[in-house]
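Chemist: Take a look and give me a structure for this.
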Amino acid sequence: MSVRIYKEPGLERPVLIAGWPGIGNIGLLAVDTMRRLLGAEEFGEIEPWEFFYPRRALIRNGELADLEFPSNRFYFARTARYDIVFFIGEEQPTVGRANYAEGRKAYELASMVMDVAEDLNCRRVYTSGAAVAAVHHTSRPRVWAVPNHPSLIDELKGYPNTVLMSDIEERGGQGSITGLNGLLLGVAQERGTEAVCLMGEIPSYLHEIPFPYPKASRSVLEVFGAALGVTFELGGLEAVIDRTEREIERLYQAFPAEVKEQLDRLKDIVPGGRGDSRPITEEDKKRILDEVDRLFKRQSKGEEGA
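Modeler: Residues are numbered from 1 along each chain as shown. Down below sits the predicted model:
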């Protein structure tokens, strides 16, 4: 178990941005899009053997040639204000049937990412993921921010379309971040390094969709641009958003009328407060999510039959 560094990038004022798969792949898509747009160069990796099972065995000429593991790679790019180190992981290490990273292996992986950040003198660490929220899919996703130090709060409040998770209505100043996104913030805090998690909103009735939610990734990228002083050309991502929105609307129209009526009330919810309509109750939410789950199962069976 080790970090392999192919070349020393020689960075100035670097920050590290980490991305992993998660709900709607919101954070991963945002971070990987930024990496590609900036033309980042690979310079190292974390060897996977101790963290992951192989994805598949590769056969050549009738015999086993290799085992394919999820990759965990480091990249760097230079910008006018900061040099940026990217860490892109294709999978989060899990224990048993857990959906998100936890346990010793997850802590070790987060620690190894921080080892590289410290060796490169990164002044700050960012992670990114999803915020499951009571919002409608036609709304502009906000970005929930969580810092690991109170000195960062005023800065985060100044970013566009951004709200502190602790300030989200009905959360009572509380919250939690599952998986490596939260764990890396904690490891950075242990080592005295500033860290921030930026999470794009995804409607609660879509958090189990079997495809990315790029509209929220765009919101996250807008905040990264403001934080790092970088402008991104998002034409390619906009095309993906258009296709995804059409697919979501097709699914939405397949909901029973009473479910759509419930969900349309989410349009009345505005940041900082609610509209005039009756709030959606926990019972409402459960009924809606059960219906969404049944819809996906029906569509999955239909696709398999086709």
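Chemist: Pull the number of nearby residues for residue 56.
Modeler: Per other C-beta atoms under 10 Å, the neighbour tally for residue 56 reads 9. From N, CA and C alone the C-beta is placed, and that goes for glycine too.
Chemist: how far away is the closest residue to it other than its chain neighbours from residue 48?
Modeler: Spatially, and ignoring its direct neighbours in sequence, residue 56 is nearest to residue 68 (5.1 Å; C-beta to C-beta, 6 or more residues apart in numbering). Residue 68 sits 10 Å away from residue 48, taking C-beta to C-beta, to the nearest Å as the criterion.
Chemist: Of the two, which one has the most company?
Modeler: When residue 68 and residue 48 are compared on other C-beta under 10 Å, the one with more neighbours turns out to be residue 48, at 22 against 11.
Chemist: give the contact list for the more buried one.
Modeler: Going by C-beta atoms under 8 Å, 6 or more residues apart in numbering, residue 48 touches 69, 70, 71, 72.
Chemist: residues contacting residue 85?
Modeler: So residue 85 contacts 9, 11, 14-17, 74-76, 116-117, 120, 122 (C-beta under 8 Å, 6+ apart).
Chemist: now do 6 Å
Modeler: Residue 85 makes contact with 14, 16, 76, according to C-beta atoms under 6 Å, 6 or more residues apart in numbering.
Chemist: That one - that's part of a strand, no?
Modeler: Yes - looking at residue 85 with DSSP: H, G, I helix; E, B strand; the rest coil, it is inside a strand.
Chemist: where's it relative to residue 18, distance?
Modeler: Relative to residue 18, residue 85 is positioned 9 Å away (C-beta to C-beta).
Chemist: Residue 79 now?
Modeler: Applying C-beta to C-beta to residue 79 and residue 18 gives a distance of 17 Å.
Chemist: Can you pick out the residue with more neighbours from these two?
Modeler: Set side by side, residue 79 and residue 18 show more neighbours around residue 18, with 26 against 14, by other C-beta under 10 Å.
Chemist: so what's that one closest to, chain neighbours aside?
Modeler: Nearest to residue 18 is residue 87, by C-beta to C-beta, 6+ apart, at 4.3 Å.
Chemist: Against residue 151, how distant is that neighbour?
Modeler: Residue 87 is 24 Å from residue 151, by C-beta to C-beta.
Chemist: More neighbours: those two, which one.
Modeler: Neighbour count, other C-beta under 10 Å: between residue 87 and residue 151, residue 87 has more, with 28 against 9.
Chemist: What pLDDT is listed against that one?
Modeler: With respect to pLDDT, residue 87 has a value of 97.
Chemist: what's the answer for residue 274, then?
Modeler: For residue 274, the model assigns a pLDDT of 40.
Chemist: Let me see the contact set for residue 195.
Modeler: Counting by C-beta under 6 Å, 6+ apart, residue 195 touches 125, 148, 185, 188.
Chemist: Among those, which lie within helices?
Modeler: Applying DSSP state H to the contacts of residue 195, the entries found in helices are 185, 188.
Chemist: wait, which of the contacts of residue 195 is closest to residue 210?
Modeler: Nearest to residue 210, judged by C-beta to C-beta, of the contacts of residue 195 is residue 185 at 28.1 Å.
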